[in-house]
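>>> Can you look at this prediction? I've put the sequence above it.
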Amino acid sequence: MIDPIVEVADLQLSLVGGAGPVNILRGVDLQVAAGETLSIVGPSGAGKTSLLMVLSGLEQADAGRVKIAGTDLRQLDEDGLARFRRRQVGIVFQSFHLVPTMTALENVALPLEFAGVDDALQQAHQALTAVGLEQRLQHFPGQLSGGEQQRVALARAFVAKPKLILADEPTGNLDGETGEKVMELLFGLQHEFGTTLVLVTHDPKLAGRCQRTIQMIDGCLQPVDGMVA
Ligand SMILES: Nc1ncnc2c1ncn2[C@@H]1O[C@H](COP(=O)(O)OP(=O)(O)OP(=O)(O)O)[C@@H](O)[C@H]1O
């Protein structure tokens, strides 16, 4: 593959649960090209979220290779991983993960402020306008609907123009119509910025919007319909 932004080889992850260590990712190989949209589907508990956690640097793999936008994540310490996340990755979670004590504007400005950007609030204002929330800048998450909260989360994920967006069930907590609108916004922003998108979903319609779909089964990635992971 030319110019892959995600390069994962023989990735292994085990986490310690109540009954001892569990092998969650068991030899994952994956390449995603710059600008590509990829969906990952598969049964509950197969390891999809865990893979996104490793790709975002929120979880450290036990073995294998994880290179994102040319950075070998396994060589980074906690500070390096935090810097990597701020610069290269935007994350959209099912349950929004906004800071409840901050307004929509402050939530979106946060990644820019961490990155030392001077006009963080101005850029956050623009990003919220782009998702149709210019009338909600000073609202706190608790004063927003689920769909509005997810639009704030989309603005926050895209505001620093990361190379990679990781989305975990971004419409999972929304009703059908609201989910459709959030999906349109997500793909609209992805297209506008040419961002690489890796999306975990149980929704076949959402998965079908991506250029490529693969499935996670029992900690391993497998092709869907003859496609190659
Ligand atoms: N912190 C943890 N400690 C121990 N086990 C964990 C931890 N986090 C996840 N697991 C286990 O890892 C497995 C994979 O979980 P993961 O959330 O990645 O699956 P998933 O495919 O995203 O599932 P779903 O579709 O239900 O969200 C599950 O069996 C889960 O119980």
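Good, I have the coordinates.

>>> Show the contacting residues for residue 170.
92, 93, 94, 150, 153, 154, 182, 183, 186, 199, 201, 206 (CB atoms under 8 Å, 6 or more residues apart in numbering). Just so you know, the C-beta spots here come from the backbone N, C-alpha and C atoms, and that holds for glycine as well.

>>> before we move on, what about residue 198?
6, 32, 38, 39, 40, 52, 55, 164, 165, 166, 167.

>>> that older thread, so which of the contacts of residue 170 reach the ligand?
Among the contacts of residue 170, no residue is within reach of the ligand (CB under 6 Å from any ligand atom).

>>> Show me how to select, in PyMOL, the buried members of those.
Buried members of these, defined by 16 or more other CB atoms under 10 Å, are picked up in PyMOL with:
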select buried, resi 92+93+94+150+153+154+182+183+186+199+201+206
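
>>> can you tell me which of the contacts of residue 198 are in helices?
52, 55 (DSSP state H).

>>> would you turn the contacts of residue 198 into JSON lines with distance to residue 15, pLDDT and neighbour count?
Shown next, in JSON lines, are the contacts of residue 198 (distance: CB to CB, whole Å; pLDDT from 0 to 100; neighbours: other CB atoms under 10 Å):
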{"residue": "6", "distance to residue 15": "21", "pLDDT": "97", "neighbour count": "22"}
{"residue": "32", "distance to residue 15": "24", "pLDDT": "97", "neighbour count": "24"}
{"residue": "38", "distance to residue 15": "24", "pLDDT": "97", "neighbour count": "21"}
{"residue": "39", "distance to residue 15": "24", "pLDDT": "97", "neighbour count": "24"}
{"residue": "40", "distance to residue 15": "18", "pLDDT": "97", "neighbour count": "26"}
{"residue": "52", "distance to residue 15": "14", "pLDDT": "96", "neighbour count": "21"}
{"residue": "55", "distance to residue 15": "16", "pLDDT": "96", "neighbour count": "23"}
{"residue": "164", "distance to residue 15": "23", "pLDDT": "97", "neighbour count": "20"}
{"residue": "165", "distance to residue 15": "24", "pLDDT": "97", "neighbour count": "23"}
{"residue": "166", "distance to residue 15": "18", "pLDDT": "97", "neighbour count": "26"}
{"residue": "167", "distance to residue 15": "22", "pLDDT": "97", "neighbour count": "26"}
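
>>> Having no further points to raise, I will conclude here.
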